[in-house]
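K.L.:
When you get a sec, could you give me coordinates for this:
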Amino acid sequence: MELTVKWAGNMAFSGATASGHEIRMDAAEEIGGQNSGARPMELVMNAVAGCTGIDIIMILKKMRLDPTSFHMDIKGDRAENPPKVFTNIHIHYALEGELPEDKVIRAIQLSKDKYCSVAHSLKADITASYSINGVKGEKML
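P.N.:
The predicted model follows:
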């Protein structure tokens, strides 16, 4: 994979991904940025969610299951000192539809433990919980 990231002045950068999409990044105003784009660590958390979300949809579709709705709530904790890496990331998967709990658990575990390359690229401890049709699952993954 190759991509290009160019300095856009001050603390801002503009990236062109290998698939041709533009991403604007900037620092917070309190450290000299102008808030003209996403923070790089925000993009990391979004990347974890996007990666695992894609995995889960693919796995559920292979199981011939189609969620009617799906979103994730992600919370990340970072180290106090530089490089301020993520130490813990928790993802709550909220799915709607005719979805057997054991199949949802299996899809989440496969993504978390085997398939999500973004999550496996981080040093963070990643945990997961889930709800189906608004009912929170009892199992912490």
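K.L.:
which other helices and strands contact the helix or strand harbouring V118?
P.N.:
V118 is part of helix 117-120, with elements assigned from DSSP states H and E. Other elements packing on helix 117-120 under the criterion 3 or more CB pairs under 8 Å, 6 or more residues apart in numbering; DSSP states H and E are helix 40-62. Every C-beta, even on glycine, is put in place using the N, C-alpha and C of the backbone.
K.L.:
And the helix it packs on, what's buried?
P.N.:
In terms of neighbour count (16 or more other CB atoms under 10 Å), helix 40-62 has its buried residues at 44-45, 47-49, 51-53, 55-57, 59-60.
K.L.:
can you list contacts of that helix?
P.N.:
Helix 40-62 is contacted by residues 23, 25, 38, 66-67, 70, 72, 74, 76, 78, 84, 86, 89, 91, 93, 99, 103-104, 106-108, 110-112, 115-119, 122, 126 when judged by CB atoms under 8 Å, 6 or more residues apart in numbering.
K.L.:
Let me know the angle separating the helix or strand just after that helix from helix 40-62.
P.N.:
Secondary structure here is assigned by DSSP H and E; on that basis, the next helix or strand after helix 40-62 toward the C-terminus is strand 69-78. Using axes from the mean of the first three to the mean of the last three CA atoms, to 10 degrees, the inter-axis angle of strand 69-78 relative to helix 40-62 is 140 degrees.
K.L.:
Now the element after strand 69-78, going C-ward?
P.N.:
Past strand 69-78, further along toward the C-terminus, the next helix or strand under DSSP H and E is strand 86-96.
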